[in-house]
Every structure is written in structure tokens, then in C-alpha cells.
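Trainee: Please work out how this folds:
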Amino acid sequence: MKEDEINLAGTPATKKTYKVFLTPSFLIFIIVFIVGILILSFSFILKVNLSSLASDGRRLQGQIAQQELKKDKILIISERLSAARKILASRNHLDLVISSIMAEIPNNFSIEGVDGNDQQISLSISSDTLSDFASFLSEKIPNITQNKALEISKVTANSFGQIKSGYLLSLTFDLKGH
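Mentor: Numbers count the residues shown, from 1 in each chain. Just a heads-up that it's a prediction; the model follows:
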């Protein structure tokens with residue numbers, strides 16, 4: 001070959017250098033491509049998991065809000081029950097006193113009216129005969145006043161009179177501590 005001629009076919013040494021450079025470059029490209037695909041796949045999986053976690057989070061927040069409403073309602077009911085218990089505990093056993101007085105009234109009396117508060121109880125009873133009143137006032141009233149659980153401090157006869165069907169007696173029972 002002459003010096004001024006150009007060899008386009010190349011020499012065997014140039015082909016060998018070209019192969020040495022091309023093979024590692026191709027392997028590096030394949031490795032980078034596979035790593036890129038793995039990173040994209042991992043990113044896609046994370047996005048899918050993130051969207052499902054976000055929807056689960058919204059659903060759980062809704063459930064928590066419902067539970068908070070239930071808790072608030074339960075607290076309100078609990079406070080109301082506590083207030084009702086305090087009111088019932090502070091009552092002066094008015095029902096017990098009235099029922100105990102009513103139990104002492106004989107069957108031959110008619111109860112015309114009962115009224116009460118935490119200070120006193122008013123009772124109106126009627127009967128056909130005066131003898132019924134005599135036995136009631138001499139036997140039953142002392143039993144009622146001596147019952148310490150009833151806490152009666154004084155019994156007052158407000159009125160006594162004749163009505164169409166007999167006689168009417170109106171009594172007031174004053175409760176202790178008031």
C-alpha cells in the first residue's frame with residue numbers, strides 16, 4: 001500500500017479495538033436499561049399501593065368521624081344520666097313517704113287528693129262515719145309520725161267537714177329538715 005492511499009476496509013487491529021469497545025458498551029446499556037425498567041416497575045407498584053392506602057385512609061377517617069359522633073352522644077347521655085341520678089338521690093324520699101302514709105289509711109276511707117313537695121305532703125280523705133276518723137286519728141297517725149324513716153316533723157289538720165257522702169279530713173304532713 002502506498003502512503004497517499006486511504007484504506008477504508010480497516011486493518012485487523014482496528015476491528016479488534018472496535019469489538020473490545022462495542023461489547024462492554026452494549027453490556028452497560030443492557031444493564032442500565034434493565035435497572036431503569038426495574039425502577040419504573042417499583043415506582044408503579046408504589047403508586048398503586050399509595051392510592052389504595054389513600055382510599056383506606058379516607059375510609060378510616062370517615063369511620064373515626066362516625067365513632068366520634070357516637071362517643072359524643074354517649075358522653076351527653078352519660079352526663080344526663082348522672083344529673084338524673086343526682087336529682088333522684090337528692091329527693092327526700094317523697095314517693096316512699098307518700099306510699100307509707102297511704103298504706104296506713106284503712107280501706108273504709110276514700111282518698112280524695114294527695115299533693116306533695118320536698119317540704120310537706122297534703123292528704124284529703126273521706127269516710128261515711130265519724131268513728132272511722134276517731135280510730136284513724138288515735139291509732140294510725142301516731143304510727144305514721146313515729147316511723148323515723150318517713151322523717152315527719154308535724155301533722156296538721158287543715159280542715160274537717162261534712163260532705164254529701166260523709167266527712168272529709170284534710171291533713172298536712174311537714175317533713176323534717178325543711
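Trainee: which of the residues in the helix or strand of the chain with the lowest mean pLDDT are buried?
Mentor: Ranked by mean pLDDT, DSSP states H and E, the helix or strand of the chain with the weakest confidence is helix 94-104, at a mean of 83. By neighbour count with 16 or more other C-beta atoms under 10 Å, helix 94-104 contains the buried residues 97-98, 100-101. (C-beta placed from N, C-alpha, C; glycine too.)
Trainee: in terms of contact, does residue 167 touch residue 161 like I think?
Mentor: Yes: at 7.0 Å, residue 167 counts as touching residue 161 under the criterion of C-beta atoms under 8 Å.
Trainee: Between those two, point out the one with more neighbours.
Mentor: Under the neighbour definition other C-beta atoms under 10 Å, residue 167 and residue 161 were set side by side, and residue 167 has more, 16 against 9.
Trainee: Tell me which helix or strand that one sits in.
Mentor: Assigned by DSSP states H and E, residue 167 falls within strand 166-175.
Trainee: And for residue 108, the neighbour number?
Mentor: With other C-beta under 10 Å as criterion, residue 108 counts 13.
Trainee: Ok, the one 4 residues further on next?
Mentor: Using other C-beta under 10 Å, residue 112 has 13 other residues around it.
Trainee: Hmm, it is touching residue 122, no?
Mentor: No: the criterion here is C-beta under 8 Å, and residue 112 misses it with residue 122 at 10.7 Å.
Trainee: Which residues does the least confident helix or strand of the chain contact?
Mentor: Helix 94-104 is contacted by residues 111, 114, 116-118, 121, 123, 140, 143-144, 147, 149-152, 173, 175 when judged by C-beta atoms under 8 Å, 6 or more residues apart in numbering.
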